[in-house]
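**Q** starting from these lines, generate the structure:
(2 chains)
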Amino acid sequence: GAGVSQSPSNKVTEKGKDVELRCDPISGHTALYWYRQSLGQGLEFLIYFQGNSAPDKSGLPSDRFSAERTGGSVSTLTIQRTQQEDSAVYLCASSLADSQYFGPGTRLLVL
Amino acid sequence: QKEVEQNSGPLSVPEGAIASLNCTYSDRGSQSFFWYRQYSGKSPELIMSIYSNGDKEDGRFTAQLNKASQYVSLLIRDSQPSDSATYLCAVILTGTASKLTFGTGTRLQVTL
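**A** Next up, the predicted model:
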């Protein structure tokens, strides 16, 4: 079946602009996660959704970052007033139980 | 002390040999452990999950868990050049719902 999909695959933006990243989880997966992987860095948790609610937002680095999930399916991660340090690969994962399956990621470059 | 620790490598093994990848974790209460493989420029791919002490085998891969020693390992038998990748250990820490905490990964190189 179809895996997790993310769009866009690449995004180049100017400092100060807002960006929206989209994640489409595996059909039927109730949990959805956003992670970030910076060059040479490990995977960093951002936020977790169970259904449409976000019980754990502890990884969001600042109030410029927000995320929502609608209909228990698609999620969007929004970064406002982007900064150069936001440049990273943003990864989405979904799960039905504990095992998480990752999408291909969105590579964000802030100039 | 990092919550999940791995040797960054690179770990170099000849083709056909056994590759042994190790991971330690700090939270004694952790119950769920995962190994992911990540090729350069790609996203992590789930290889194995393990929840109970002992060994779990899946094809050429064996995950080993020792909760008393807070240690989880991944053995790759008959290593192939296509196994060359970064291997990420991930743990669900106590009280963190399903959030994965990752090690920084071990880079494996399988040489001809």
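
**Q** please count neighbours and contacts with C-alpha atoms only from this point.
**A** OK.

**Q** residue in chain A nearest to chain B?
**A** Of all residues in chain A, the one sitting closest to chain B is residue A:42 (4.7 Å; C-alpha to the nearest C-alpha).

**Q** give the contact list for that residue.
**A** Listed by C-alpha atoms under 8 Å, 6 or more residues apart in numbering or on different chains, the contact set of residue A:42 reads B:102, B:103, B:104, B:105.

**Q** of those residues, grab the buried ones for ChimeraX.
**A** Selecting the buried subset of those in ChimeraX, with 16 or more other C-alpha atoms under 10 Å in any protein chain shown as the burial test, is done by:
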select /B:102,103,104,105
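
**Q** could the contacts of residue A:42 go into CSV alongside secondary structure and pLDDT?
**A** Shown next, in CSV, are those (DSSP: H, G, I helix; E, B strand; the rest coil; pLDDT from 0 to 100):
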residue, secondary structure, pLDDT
B:102, strand, 95
B:103, coil, 95
B:104, coil, 93
B:105, coil, 95
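
**Q** can you give me the strands for the chain?
**A** All of this is about chain A. All strands of chain A, identified by DSSP state E, fall at A:5-7, A:10-13, A:19-24, A:31-37, A:43-50, A:53-56, A:65-69, A:75-79, A:88-95, A:101-102, A:106-110.

**Q** that was the other one, I meant chain B.
**A** Counting by DSSP E, one finds strands in chain B at the ranges B:4-5, B:11-14, B:19-25, B:32-38, B:45-50, B:54-58, B:61-66, B:71-76, B:85-92, B:100-102, B:106-111.

**Q** helices and strands around the worst-scoring helix or strand of chain A on mean pLDDT, which ones?
**A** Within chain A, confidence by mean pLDDT, DSSP states H and E is lowest for strand A:53-56 among all helices and strands, at a mean of 90. The contact analysis (3 or more C-alpha pairs under 8 Å, 6 or more residues apart in numbering or on different chains; DSSP states H and E) places strand A:53-56 against strand A:43-50.

**Q** just checking, what packs against the strand it packs on?
**A** Short answer (3+ C-alpha pairs under 8 Å, 6+ apart): strand A:43-50 packs on strand A:31-37, strand A:53-56, strand B:100-102.

**Q** for residue A:96, find the nearest of those.
**A** strand A:31-37 (6.3 Å; C-alpha to C-alpha).
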